[in-house]
Structure formats: C-alpha cells, structure tokens
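The amino acid sequence is not available; the structure is as follows:
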C-alpha cells in the first residue's frame, strides 16, 4: 500500500492481524469489569450506570478498529501506538468500579490517555495523505482532540459536570466519522475486514456469557436446578452465535452511507444486550444454586434488585434481537429474517415480564427455546436461499 493512502471499499480484503487480536484481549477485561457493576446492582439504575460505562469502552474499540481498517499499515509506529492504547484500556478497566461509585478520576484520565496514541496515528495519516484525502483524517483529528480535552478536564470536576463532559466527549467522537466520510464522499474501509473485526468482538462478548456460566456454577453447589439453568443458558448463547454468523457479511455496509452507519453503530445494542444476558445468566445460576444472588432476597440488596434480578437475562437477549432486526433492515439478504427476529424479541420481552414469577431454570429454558427456534428458522431460510450462511453479501 502507498504510504499514507486511504483505503476504499473496493480494495482487496485483508484478515485481522495478530496485533488486532491482541488488542481485542484488553476488552475482555474491560467488559468483564462493566458486567460486574451490573451483577452487583441489577436495577434500572445499575443498568444505566453499566451502559454509561460500556459506551466509552465500545467507542474506544470502534475508534482504533475503524482507523486501522482505513489505513492498512503494520509498522513499528503503528504497533507501539496500539500497544500504548491497550495500556490505556487496561487502566480504564481498573477504573470502572470506582467510576460506578461516583469516583471517575482514573476512568477519565485513562480515557484521555488511550486517545493520545490514536491522535498521533491520525496526525501521521494527515501528514502523509494526499490533498483530497486530508479532510478525512483532519476531522478525526478534531474529534479525537475534542475527546482528549474533555476527558482530561472531567477528571478534575464534580461528578455531575463530569458525566456531562463524558457525554459531550463521546458525542463529538461519534459524529466525527460521519463528517469524515462526508468530506471525501466515498467509503474508507475494507468491508470484509470490518465484518471480521465485528464478528471477533461479538465472540468476545459472547465469551463473557460463557464465562458467566462457569463463574455461576463455580460459586454454588451444582444441584440439578443450577445445572439445568447453566445448560439452557449455554444453548441460548450458542443459538445467538448461530443466528449472528449464519448471515454475517458486508451487505449492510455497502448499500448506502446511512445503512453503513446503522450497521456499524447498531452493534452497540447487540453487544450491550449480550453482555447483559451474560450477567443475567450468572444471576440465574446463582439463584438456582442458592448462591450469591439469593442473598438479594434475604436482605443483601435493594427490593428493586430482588424484583429485577432475573429480568436482566431475557431483557438483554431481547435487546440484542431487536438490534439484529434493525441491522437486518439495512442489509441485503437479511431482510427475510427481520420479522422472525422482531417476534423473537417480543417473546423474550414477554419472558422478562414473568421471569421472577418462575424458576431460573424455567426462564433459561424459555429463552433457549425461543433462540433455538429462531436459529432453526434462519438456518432453513439460508438453505432455501442457497447461501448456507457463507454468502459474501449476507449480513446480520
């Protein structure tokens, strides 16, 4: 590739590099820390705090991933900057719990710090870009600089103002890609590479659900109720994997600028929903086995936490299903699955309404049943279309 050249959607596909895979590992830790926040406070307030902490982590991954796919380079500067960003992500993960308790100094400073290497990479791209491509990287420079300043200042102000500055910082960064793409009037990424990177991040979030099964069962006496709950929870996670990757592809990215942004940003709801499902899975297993979560009902938590504790699992999966349906509307061959995903989401909402009136194993069984049926329907639809889940234009 020419030094500093900006890639477009017609460029040849490339696979994720070992550095990108290493980079993703840091987010396993960060997401796990956010999940622990919701696990300790499964209330609407706890869910809002967890989502508020998840969004900056999600955007940190987005910022580095989309820049890497726009500028296909793997040299010492790229590696050192990415490694420095990874250190910032780990610091961010350390600061999650304190941030949830209203002490966000470390979280804010880490958020500012992890963007400094990213800014260096964008400045480097701008210096090496052609005149027609400079506006693209310059808009990212503005968005990243804006975020660094606001995150840094927020570490030294009162919590209420701190949260406002965090929201403004993320909002500025989220708008920067739209302004950048509009400036050059064409795609600036490898569609296949982006789809692969999104798929890998989806596996990371699903991995948190699998980890929740293990942690939940390890913390209780594994009786029949807990074992059945864990088994059905795994079936639900496995079914989601099947549903997602049955139609994975770049279709939604290439249809229009709007569909590309909805495809890319819509995954926030997919990933946050699956993360919440993982937390709910752990709570359900713990309740089934008389473990940690049962202490909520015995006075170890608020009445709201007791009432909402099992709702997290089906509600999280419902959110993921609704998000997949939204993304499917802007994809080529996934539109046939939109109705089924919406219906599945509504079924999961209904399950969430009655979740705490039934046993954890019954709730997990109902979720698994809905997910298995949906996966079967999508598999049959793919077979009828002759894609078998591997067509290059299919998309979630």
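Ah, there it is. These figures come from a predicted structure and were not determined experimentally.

Residues in contact with stretch 210-222: which ones?
Here stretch 210-222 makes contact (C-beta atoms under 8 Å, 6 or more residues apart in numbering) with 32, 35, 226-227, 230, 233-234, 237, 278-279, 281-286, 288-292. Every C-beta, even on glycine, is put in place using the N, C-alpha and C of the backbone.

What mean pLDDT does it get?
Taken as a whole, stretch 210-222 has an average pLDDT of 80.

Could you list the buried residues of it?
Neighbour-count burial for stretch 210-222, counted by 16 or more other C-beta atoms under 10 Å, picks out 210, 211, 212, 213, 215, 216, 217, 219, 220.

Export the residues you listed to a markdown table and append columns for secondary structure and distance to residue 163.
A markdown table is the format used below for the buried residues of stretch 210-222 (DSSP: H, G, I helix; E, B strand; the rest coil; distance: C-beta to C-beta, whole Å):
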| residue | secondary structure | distance to residue 163 |
| --- | --- | --- |
| 210 | helix | 32 |
| 211 | helix | 29 |
| 212 | helix | 28 |
| 213 | helix | 33 |
| 215 | helix | 30 |
| 216 | helix | 31 |
| 217 | helix | 36 |
| 219 | coil | 33 |
| 220 | coil | 36 |
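
with the residues you listed in mind, which one is nearest to residue 260?
Residue 260 has its nearest neighbour among those in residue 210, at 30.4 Å by C-beta to C-beta.

any low-confidence regions in the stretch 51-200 of the chain?
Residue ranges of the stretch 51-200 of the chain with pLDDT under 70: 186-187.

go with 80
Under the criterion pLDDT under 80, the flagged ranges of the stretch 51-200 of the chain are 72-73, 185-191.

All the helices of it, in order from the start?
Under the criterion DSSP state H, counting those that start in this stretch, the stretch 51-200 of the chain carries helices at the ranges 76-94, 96-100, 105-128, 134-154, 159-184, 191-218.

In a markdown table: the ones you listed, plus distance to residue 51.
Listed next are these as a markdown table, based on distance: least, C-beta to C-beta, whole Å:
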| stretch | distance to residue 51 |
| --- | --- |
| helix 76-94 | 16 |
| helix 96-100 | 11 |
| helix 105-128 | 15 |
| helix 134-154 | 18 |
| helix 159-184 | 12 |
| helix 191-218 | 14 |
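
Pull out the buried members of the contacts of stretch 210-222.
Among the contacts of stretch 210-222, the ones that count as buried by 16+ other C-beta under 10 Å are 32, 35, 226-227, 230, 233-234, 237, 278-279, 281-286, 288-289, 291-292.

biggest helix in the protein, by residue count?
The longest helix of the chain (DSSP state H) is helix 257-288.

pLDDT (mean, whole number) over that one?
On average, helix 257-288 scores 89.

mind listing what the most centrally placed residue in the chain touches?
Among the residues of the chain, the one closest to the centroid is residue 271, at 3.3 Å (C-alpha atoms, centre = their mean). Residue 271 makes contact with 54, 58, 201, 202, 205, according to C-beta under 8 Å, 6+ apart.

in terms of contact, does the first one touch residue 273 like I think?
To tie it back to what came earlier, the one meant is residue 54. No: look at residue 54 against residue 273 with C-beta atoms under 8 Å: they stay out of range, at 10.7 Å.

Per the annotation, how does the chain divide into domains?
As assigned by automatic domain parsing, the chain contains the domains 18-184, 191-385.

Got the phi and psi for the nearest residue to residue 289 once chain neighbours are set aside?
Nearest residue to residue 289, sequence neighbours excluded (C-beta to C-beta, 6 or more residues apart in numbering): residue 220, at 2.6 Å. The phi/psi pair for residue 220 (degrees, to the nearest 10) reads phi -130, psi 170.

mind checking how far residue 358 is from residue 244?
27 Å (C-beta to C-beta, to the nearest Å).

which ones are touching residue 316?
So residue 316 contacts 272, 273, 274, 275, 276, 277, 278, 279, 280 (C-beta under 8 Å, 6+ apart).

Can you give me the pLDDT of it?
If you check residue 316, the pLDDT there is 94.

Turn the contacts of residue 271 into CSV, columns for neighbour count and distance to residue 75.
Formatted as CSV, the contacts of residue 271 follow (neighbours: other C-beta atoms under 10 Å; distance: C-beta to C-beta, whole Å):
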residue, neighbour count, distance to residue 75
54, 22, 32
58, 24, 27
201, 20, 24
202, 21, 29
205, 24, 30
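
Output those in TSV; the columns should cover distance to residue 162.
Shown next, in TSV, are the contacts of residue 271 (distance: C-beta to C-beta, whole Å):
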residue	distance to residue 162
54	17
58	19
201	27
202	31
205	27
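
from those residues, which is closest to residue 105?
Closest to residue 105, out of all of the contacts of residue 271 and judged by C-beta to C-beta, is residue 54, at 19.2 Å.

so who does that closest one touch?
Counting by C-beta under 8 Å, 6+ apart, residue 54 makes contact with 31, 34, 271, 272, 275.

Swap in 6 Å and give it another go.
Going by C-beta atoms under 6 Å, 6 or more residues apart in numbering, residue 54 touches 34, 272.

gap between it and residue 199?
19 Å.

How about residue 352?
Residue 352 is 27 Å from residue 199, by C-beta to C-beta.

Please identify which of the two sits among more neighbours.
Using other C-beta atoms under 10 Å, the more surrounded residue of residue 352 and residue 199 is residue 352, with 23 against 17.

Surely that one touches residue 310?
No: shown here, residue 352 and residue 310 do not form a contact pair, counting by C-beta atoms under 6 Å, at 8.3 Å.
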